[in-house]
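In: Predicted model follows, preceded by the sequence.
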Amino acid sequence: ASFLFYSYGEPKFVFVMLASILLNYCFALLIVYPRHQTVFWRRFWLICAIASNLGLLFLFKYLAFFLNILNTSLHCNLPVPTFQLPIGISFFTFQVMSYVIDVYRGNSKAQKNLFSLALYVSFFPQLIAGPIVRYNTIAEQIDHRTVTREKFSDGIRRFIIGFSKKVILANNLALVAETAFSPQGEKAVLL
């Protein structure tokens, strides 16, 4: 359900999130791998994880900005790629980085179930706006949750109410706000 929710914005970016989850899943396991229990290897895998995550963030958010600055300051003509920004990339990148750092510090156990880690990273009630939740805060709920008809129906009801508020109230109020704050003569853009 979380991935369906995320793909509502732009389906192709689900693969960016999946790649991030898989990569960090592997890094966390490498950090706790029995043969890598020396300080050197644990730190090496942590640095690789942080560099990969920040590299992903840099690629999507800052590469064009950086190349524009280089082109302007060095008077060169480097091609500037235009990437569409994945929704919530900063959030899920820092969320998964906090998980790997907590595994490194020993504050959390490395999750051996890839689907549980994917749920932690992609959990849709907090995916777009946060807050960033430490893995050990919700690990117990992920690993030992119980599903009953009552809980399931309550969850569906809450989701429908929240989604209705977004579609009925927030989208319409956004049109009013855009009209109020747009320069004269411009029409508000429908969200």
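Out: On my side now, so go ahead. Numbering: from 1, shown residues only.

In: Hmm, residue 70 and residue 77 touching each other?
Out: No - using Cβ atoms under 8 Å, residue 77 is not in contact with residue 70, being 10.1 Å away. All C-beta spots, glycine's among them, are computed from the backbone N, C-alpha and C.

In: so who does the residue nearest to the spatial centre of the chain touch?
Out: Closest to where the C-alpha atoms of the chain average out (Cα atoms, centre = their mean) is residue 92, at 1.8 Å. Residues in contact with residue 92 (Cβ atoms under 8 Å, 6 or more residues apart in numbering) are 17, 20, 121-122, 127.

In: Of all pairs in those residues, which one is the farthest apart?
Out: Farthest pair in the contacts of residue 92 (Cβ to Cβ) is 20 and 127. Separation: 12.6 Å.

In: So between those two, which is more surrounded?
Out: Each of residue 20 and residue 127 has its neighbours counted (other Cβ atoms under 10 Å); residue 20 has more, 23 against 20.

In: Quick one: the helices in the chain, in order.
Out: 2-7, 14-32, 39-57, 63-74, 89-105, 114-122, 135-143, 149-164, 171-181 (DSSP state H).

In: Which one, of those helices, ends up nearest to residue 83?
Out: Evaluated over these, closeness to residue 83 peaks at helix 63-74, with 7.1 Å, by Cβ to Cβ.

In: for that closest one, what is the average pLDDT?
Out: The pLDDT scores in helix 63-74 average 85.

In: Can you mark which positions in that helix are buried?
Out: Within helix 63-74, the residues that qualify as buried are residue 63, counting by 16 or more other Cβ atoms under 10 Å.

In: Report the backbone C-alpha coordinates of that helix in CSV.
Out: Listed next in CSV are the C-alpha coordinates belonging to helix 63-74 (Å, rounded to 0.1, in the frame of the first residue of the first chain):
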residue,chain,number,x,y,z
LEU,A,63,23.8,18.2,-9.5
ALA,A,64,22.1,20.7,-11.9
PHE,A,65,22.8,23.6,-9.4
PHE,A,66,26.4,22.6,-9.0
LEU,A,67,27.0,22.3,-12.8
ASN,A,68,25.3,25.7,-13.3
ILE,A,69,27.7,27.2,-10.8
LEU,A,70,30.7,25.6,-12.6
ASN,A,71,29.5,26.8,-16.0
THR,A,72,29.1,30.3,-14.7
SER,A,73,32.2,30.6,-12.7
LEU,A,74,34.6,28.7,-15.0
